[in-house]
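Asker: Generate a structure from the sequence data that follows.
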Amino acid sequence: MAGQYEQRKLDEATYQRLMFEWGYPKLAHFYRQKKLDYPPLNEEDGGLIRDAITIR
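Answerer: Sure, this is the predicted structure:
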């Protein structure tokens, strides 16, 4: 049991998807409706990277 929280159990793509969906549910809904890829999140604070956001 020791150290069980030290490593992520999810692959990176799943982790990033869930972090976006949980952190930005309204934006995630919008991106899913438009069939757009989620923008990357800033690794330091989980914020959106403004330059990476594209809305068509």
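Asker: any idea which helix is longest in the chain?
Answerer: Among all segments of the chain classified by DSSP state H, the helix with the greatest residue count is helix 12-23.
Asker: Which strands or helices does that one pack on?
Answerer: For helix 12-23, the helices and strands in contact under the criterion 3 or more C-beta pairs under 8 Å, 6 or more residues apart in numbering; DSSP states H and E are helix 25-33. To be clear about C-beta, it is placed using only N, CA and C from the backbone, and glycine gets the same treatment.
Asker: Restricting to C-alpha, output the least confident helix or strand in the chain by mean pLDDT in PDB.
Answerer: Taking mean pLDDT, DSSP states H and E as the measure, the chain has helix 12-23 as its least confident helix or strand, at a mean of 93. Below are the C-alpha coordinates for helix 12-23, written out as PDB (Å, rounded to 0.1, in the frame of the first residue of the first chain):
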ATOM      1  CA  GLU A  12      -1.300  10.700 -20.200                       C
ATOM      2  CA  ALA A  13      -4.000  11.200 -22.800                       C
ATOM      3  CA  THR A  14      -6.800  10.000 -20.500                       C
ATOM      4  CA  TYR A  15      -5.400  12.100 -17.600                       C
ATOM      5  CA  GLN A  16      -5.400  15.200 -19.800                       C
ATOM      6  CA  ARG A  17      -8.900  14.600 -21.100                       C
ATOM      7  CA  LEU A  18     -10.300  14.000 -17.600                       C
ATOM      8  CA  MET A  19      -8.500  17.100 -16.200                       C
ATOM      9  CA  PHE A  20     -10.100  19.200 -18.900                       C
ATOM     10  CA  GLU A  21     -13.500  17.700 -18.600                       C
ATOM     11  CA  TRP A  22     -13.500  18.100 -14.800                       C
ATOM     12  CA  GLY A  23     -11.900  21.500 -14.700                       C
END
